[in-house]
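K.L.:
sequence first, predicted coordinates after that:
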Amino acid sequence: MTPPILEARGLSKSFAGMVALDNLSFSVNEGEIAGLIGPNGSGKSTVVNLISGVLVPTSGQVVMRGQDVTGAPAHQMARRGVARTFQMIRLFGTLSVEDNIALALQQKEGPGYVSSFFRTPAARRQRAAAGVTAREMLKLFDLEEKASDLAADLSIGQRRMVELARGLASEPTVFILDEPAAGLAPHNVDRLIEMIRRMRDEFGVTILLVEHVMRVVQSVCDRVVVLDYGQKIADGPPAEVVNQPEVIEAYIGLGRGKNA
Ligand SMILES: Nc1ncnc2c1ncn2[C@@H]1O[C@H](COP(=O)(O)OP(=O)(O)OP(=O)(O)O)[C@@H](O)[C@H]1O
Ligand SMILES: [Mg+2]
């Protein structure tokens, strides 16, 4: 049997004694769109940071295709095919949309890519190839007309699309999206749903989706893991999970003061 593409095994993370994540285990199978939901502060972004190599767990393991990759730094995880978006959009505001996407293609090369991107002859050749891919991505995400605009000048909906385009351009095996629907107008949410599906269906990308907007979760996720206070309280198909009493309680209990 093929191992899951991604596994969290007993992952825990404490920040200065505060337990943000407590013995979390879940797996994501190849080709799946898996959801990760939970109230504010329940540990979702911490999971993303542990899997993408931004944080090292206090205990437990991150396993990719059966191989222990715990503690591998972000650039190594990127090289292993893990791409991510950030809860707060991170684009290079003073670069064009096209350059933001092309730059992502250098990211797998490791640290130092930003300076080499502009200078050496080899980097220039890479950049030409990156440009071709970037233009394909612009087309796919309906951003062709915005190619030369500065990223800082785009609307939030367009910036989210650039983030997706940038991640997909790096040809990830696993793409982790941290609240991609946050702040989007309903028609942009529809577009996001379409593009998440297409990244999986047409590009074969496995997706881990952190999301508060339940419409997105329910329409794209094959399976959902629910966190509350850093612990897993449910794991199953979205339609089942949302009706579980623990899950309803976790969300209704939002007024119990943990989000201050
Ligand atoms: N770098 C950090 N240093 C200290 N505490 C942190 C750090 N990152 C997260 N935390 C704390 O860990 C807990 C979980 O945070 P996390 O950001 O993972 O939650 P979340 O589920 O992503 O929340 P949200 O829905 O608001 O994005 C919170 O109490 C948060 O304050
Ligand atoms: Mg978060």
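P.N.:
Yep, that arrived. Residues are numbered from 1 along each chain as shown. Ligands and ions are numbered 1, 2, ... in the order given.

K.L.:
which residues of the protein lie near ligand 2?
P.N.:
44, 45, 87 (Cβ under 5 Å from the ion). C-beta here means a position set from N, CA and C on the backbone, and glycine is covered the same way.

K.L.:
residue 210 is in contact with the second one, correct?
P.N.:
Just to be clear, that refers to residue 45. Yes - assessed by Cβ atoms under 8 Å, residue 45 is found in contact with residue 210 at 7.0 Å.

K.L.:
any common contacting residues for the two?
P.N.:
Counting by Cβ atoms under 8 Å, 6 or more residues apart in numbering, the common neighbours of residue 45 and residue 210 are 87, 178.

K.L.:
these two: which is more packed in?
P.N.:
Neighbours of residue 45 and residue 210, each counted by other Cβ atoms under 10 Å, are more numerous for residue 210; the result is 24 against 18.

K.L.:
quick check: beta-bridge partners of that one?
P.N.:
residue 36, residue 178 (DSSP bridges).

K.L.:
show me the helices in the chain, by range?
P.N.:
Assigned by DSSP state H, the helices in the chain fall at 44-51, 74-79, 97-104, 113-118, 121-140, 156-169, 186-203, 214-220, 238-241, 245-252.

K.L.:
out of those, which comes closest to ligand 1?
P.N.:
helix 44-51 (3.2 Å; Cβ to the nearest ligand atom).

K.L.:
list the contacts of that closest one.
P.N.:
Contacts to helix 44-51, defined as Cβ under 8 Å, 6+ apart, come from residues 6, 8, 11, 13, 20-21, 24, 36-38, 54-57, 62, 77, 82, 84, 87, 176, 178, 208, 210, 227, 230.

K.L.:
pull out the buried members of the residues you listed.
P.N.:
6, 8, 11, 13, 20-21, 24, 36-38, 55, 57, 62, 77, 82, 84, 176, 178, 208, 210, 227, 230 (16 or more other Cβ atoms under 10 Å).
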